[in-house]
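Student: pasting the structure only:
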């Protein structure tokens, strides 16, 4: 098979845009997105996700387009669209379906003398989806035969937003293909931008499964530490002190309790449990981990409101400052943010909630009843409680100021274990952490 000379990336979000930029340094690459405002912004050098700078965008060789005709004659088509879950915790394949049908329709227009296109899916999904769901959709809309007129491949994304160390170039890339020849070509193509190395899975389904279990493992480990934190809280033991002691043993693997949000860990397990249920097996351990992590926001809301009550005497007038709203540190991403869930639960308990997150600048979802502040660190206002919910560097660099925002005898709730307990308590204030 011939090496591809032109490549298209479909979906220019957190995954697709960095990938397209990396490929554009080595291969003629076009980035396509159905969101016209996204294309307009990127052409102007603005990444609304704050992952890439103006200079990185404007100096690149990447072509950006709103026109799907770029797909027709591409030799290598990479699909990087979101795969969320429905309200019923089942895979939402709507965007994957739309992308597959779009590819099929465009491949009908392909020049007859061109070699078959390779369609690589990066979107996280359940084992069997690429060949059992996406491939047939492309076949149906194109009138072409999978494995003859076009070939399927799968290479799961491993992007860690906000992490300058574990990047596309520095993390081993898993690839797979419909045939050994396709897998080899996919490996060679990704190898041009991934310097850490390539792992070729034995087949597409194996590659799909490897991606899903990466996040299931993290979800279950965090769930264990969350449950331990809840138990130790009832025992009046600080969980981090227990974990410090246990971590002195060579084979103890430490995780940190907390709110589990984002586009991967709270979502991917449901893709596996869906596939498992289709085979008649109930993945109880996986679902137990999900249940534990989903209940942490309510546990924290109950704990904070209970600790505030003795201080204020009138819980309805208690004021709370929530530091951080994004799902993790140093990013603006609000997808499945459990801090947003926590804020709403605090409001439900009659607390007055202010929120500060300097990374979150885009409009918030409708129905938000809490106030987003410009910068509480420059104000004289004090709160009955301050909750350090996200470990943004800008917060951890102002630890003393965080404590000063709490009124005398108030509460500091440290969800990321980023503050000094002794310092807080030396000032007469209550300290609580997971």
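Tutor: Great, that's in hand. Keep in mind that what you see is a predicted model, and the values were worked out from it rather than measured.
Student: check the offset of the helix or strand of the chain with the lowest mean pLDDT from the chain's centre.
Tutor: Least confident helix or strand, the chain: strand 371-372 with a mean of 82, by mean pLDDT, DSSP states H and E. With C-alpha atoms, centre = their mean, to the nearest Å as the basis, strand 371-372 stands 24 Å off its chain's centre.
Student: that one packs against which elements?
Tutor: Strand 371-372 is packed against strand 352-356, with contacts defined by 3 or more C-beta pairs under 8 Å, 6 or more residues apart in numbering; DSSP states H and E. Just so you know, the C-beta spots here come from the backbone N, C-alpha and C atoms, and that holds for glycine as well.
Student: who does the strand it packs on pair up with?
Tutor: Strand 352-356 has its sheet partners listed here by DSSP bridges as strand 319-323 (parallel), strand 371-372 (parallel).
Student: outside of it itself, list whatever touches it.
Tutor: With contact meaning C-beta atoms under 8 Å, 6 or more residues apart in numbering, strand 352-356 is reached by 317-325, 343, 346-347, 370-373, 375-376, 383.
Student: sorry, back to before: what's downstream of the least confident helix or strand of the chain, the next helix or strand?
Tutor: Note on strand 371-372: by DSSP states H and E, the next helix or strand toward the C-terminus is strand 383-388.
Student: for the residue nearest to residue 125 when sequence neighbours are not counted, give me its contacts.
Tutor: Leaving aside its chain neighbours, residue 125 sits nearest to residue 83 (5.4 Å; criterion: C-beta to C-beta, 6 or more residues apart in numbering). When contacts are counted by C-beta under 8 Å, 6+ apart, residue 83 touches 91, 92, 93, 95, 96, 123, 124, 125, 267, 271.
Student: and the pLDDT for residue 83?
Tutor: Note for residue 83: predicted pLDDT of 96.
Student: quick one: the residue nearest the centre of the chain from residue 397, how far?
Tutor: The geometric centre of the chain, computed from its C-alpha atoms, lies nearest to residue 263 (C-alpha atoms, centre = their mean), at 3.3 Å. Note on residue 263: its distance to residue 397, by C-beta to C-beta, to the nearest Å, is 27 Å.
Student: same question, residue 52
Tutor: Taking C-beta to C-beta as the criterion, residue 52 is separated from residue 397 by 24 Å.
Student: more neighbours: which of these two?
Tutor: residue 52 (16 against 8; other C-beta atoms under 10 Å).
Student: phi and psi next, for the more buried one.
Tutor: Note on residue 52: backbone dihedrals following degrees, to the nearest 10 are phi -130, psi 150.
Student: verify the stated contact: it with residue 21.
Tutor: Yes - Residue 52 sits in contact with residue 21 when judged by C-beta atoms under 8 Å, with a separation of 6.9 Å.
Student: which neighbours do these two share?
Tutor: Common neighbours of residue 52 and residue 21 (C-beta under 8 Å, 6+ apart) do not exist.
Student: separation between residue 351 and residue 388?
Tutor: According to C-beta to C-beta, residue 351 and residue 388 sit 16 Å apart.
Student: got it, and residue 225?
Tutor: For residue 225 relative to residue 388 (C-beta to C-beta), the value is 18 Å.
Student: which one's more surrounded, these two?
Tutor: Neighbours per residue (other C-beta under 10 Å) separate residue 225 from residue 388, with residue 388 holding more: 23 against 18.
Student: what sits against the more buried one?
Tutor: Counting by C-beta under 8 Å, 6+ apart, residue 388 touches 323, 324, 395, 402, 412, 413, 414, 415, 416, 418, 419.
Student: go through the contacts of residue 83 and flag which are in helices.
Tutor: 95, 96, 271 (DSSP state H).
Student: tell me who's in contact with the second one.
Tutor: Put plainly, it is residue 96. Residue 96 neighbours (C-beta under 8 Å, 6+ apart): 79, 81, 83, 121, 123, 125, 129, 133, 134.
Student: could you redo the last one with a cut-off of 7 Å?
Tutor: Neighbouring residues of residue 96 by C-beta atoms under 7 Å, 6 or more residues apart in numbering: 81, 83, 123, 125, 134.
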